[in-house]
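[1] Quick one: sequence plus predicted model below, questions after.
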Amino acid sequence: MSTSQMFQDFLSNLAIDNADRISLRYGEITASLNKKFRDTESKIDNSLQVGSYGRWTAIKGISDLDMLYIMPKGKWDEYKDGRQSQLLTDTKDAIKARYPTTTVLVDRLVVRVLYQNFHVEVQPVFKQEDGSFKYPDTYNGGSWKITKPREEISAMAEFDAQKNKNLRRLCKMARAWKNKHGVGMGGLLIDTLAHNFLKKTTEYDDKSYLYYDYMSRDFFEYLAGQPNQDYYAALGSGQRVKVKKKFQRKAKKAYNLSLKAIEAEGEEAVRKKWKKVFGRQFLAVQVENVEKSESVLSNAFGSWRNTEQFIENTYPVDIRYDLQIDCEVSQNGFLTRSLINMLKEKIPLLASKRLVFSVKAIDVPGSYHLEWKVLNRGDLAKQRNMVRGQIVRDTGHSRKEESTNFRGDHLVECYAILNGVVVAKDRIKVPIKAGA
């Protein structure tokens, strides 16, 4: 299959599959606020879809939706003097009055409306003469700040047209990468970096899917070479976009994986190579129909049961936060060591060791829970019919105990689930060099 067809299939698999439901929720919220503040029932007037969804760079699994509700000008005097918190409370009460069974709560800057598998952050704003919007910030007594989402939306649309529709597609592919590798990057940061990359080159101005392998490679090289900095100037608005966590190391890994995938062009394994970069969405068919249940396979050692499960078959994946896990390796009479340090120092991991995986760092807010996956890989795992790979819930201690039983390039993954969405993940390879 050609490179062009592979990337067309990939982007098709990334397409949002619940747009009707999202639009319905936007309309319901808009109607409730129009009823409160304007005594109308319109589901479209006075609201603006912003964020990744508004810029048309969102992908399947998006869980963090944003909208502005444009307040009547006549209400400014009512809220302008230190009543930012009251505006958010009135917004919450209006939504709650119309939909009493929906969870609605006030956050510092927005009102969060929680639905199953996604939530909408509603920001009441006052439109300014220059087209920008004032929004309430309740921190430290309250203040009014400025946002310019229309400039960001316009810049995205205009530059995407100039770049042969490559900008939005690159933004979507970058989201698949960050979800695959657990990169805690916000959507506006991704879109800004993709914009900056394409702005500095004309190489792809007249190219399309056939060259997306090279474009991906060059984009990851660009990310890997970025200096460490706290923020970027957002496309269009120029407002500060915060860098929550460094992304350069994982971008470098994606660049190296891209080189291997390009080298495999024309080979049967090329899709699997790109799958390591972007995740299971790079399969030729829609991934929700693949590998949902156990299957019995066979190899030189006879039949074995494929019991591996995939987190995206249970929850939407929309990585927004950072999660880091480590593993303590111990054995009676020996010093306990970190598996990550052992791998860095190229110290072999042998059999008969006790492994304790635990969360080293996590910045997910609110009430989340963890789930774990332990996957055994290699011929011995199949021979012993011990592939495993089932996803299990954490017992409440943020740790998972295992042992090294037989050689193979095994894998442990940890997922943080917040409001029914995987918002952070990490993995550790467990390369056991010798065994029974």
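    Sure, I can see it.

[2] Give the other helices and strands that the helix or strand hosting residue 216 contacts.
    Using DSSP states H and E, residue 216 maps to helix 212-224. In terms of contacts (3 or more CB pairs under 8 Å, 6 or more residues apart in numbering; DSSP states H and E), helix 212-224 is packed against helix 3-13, helix 166-181, helix 187-199, helix 248-263. No exception for glycine: its C-beta is placed from N, CA and C like everyone else's.

[3] So for the helix or strand following it, what gets flagged as buried?
    Next helix or strand after helix 212-224 toward the C-terminus (DSSP H and E): strand 231-233. Buried residues in strand 231-233, counted by 16 or more other CB atoms under 10 Å: residue 232.

[4] least trustworthy helix or strand in the chain by mean pLDDT?
    strand 295-299 (a mean of 60; mean pLDDT, DSSP states H and E).

[5] picking that back up, out of the helices and strands packed on helix 212-224, which is closest to residue 93?
    With CB to CB, the closest approach to residue 93 among the helices and strands packed on helix 212-224 belongs to helix 187-199: 28.9 Å.

[6] So which elements touch the closest one?
    Applying 3+ CB pairs under 8 Å, 6+ apart, one finds that helix 187-199 makes contact with helix 51-55, helix 149-162, helix 166-181, helix 212-224, strand 231-233, strand 240-242.

[7] that older thread, got the CA coordinates for the helix holding residue 216 in PDB?
    Provided in PDB are the C-alpha atoms of helix 212-224 (Å, rounded to 0.1, in the frame of the first residue of the first chain):
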ATOM      1  CA  TYR A 212       3.400  13.000   5.200                       C
ATOM      2  CA  ASP A 213       6.100  10.500   6.200                       C
ATOM      3  CA  TYR A 214       8.800  13.100   5.600                       C
ATOM      4  CA  MET A 215       6.700  15.900   7.000                       C
ATOM      5  CA  SER A 216       6.200  13.900  10.200                       C
ATOM      6  CA  ARG A 217       9.900  13.100  10.500                       C
ATOM      7  CA  ASP A 218      10.800  16.800  10.000                       C
ATOM      8  CA  PHE A 219       8.200  18.000  12.500                       C
ATOM      9  CA  PHE A 220       9.500  15.700  15.200                       C
ATOM     10  CA  GLU A 221      13.000  16.800  14.500                       C
ATOM     11  CA  TYR A 222      11.800  20.400  14.900                       C
ATOM     12  CA  LEU A 223      10.200  19.600  18.200                       C
ATOM     13  CA  ALA A 224      13.200  17.700  19.500                       C
END
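
[8] Averaged pLDDT, whatever helix or strand comes next after the least confident helix or strand of the chain. What do you get?
    Following strand 295-299 in sequence order, the next helix or strand is strand 302-306 (DSSP H and E). Strand 302-306 shows an average pLDDT of 76 in the prediction.
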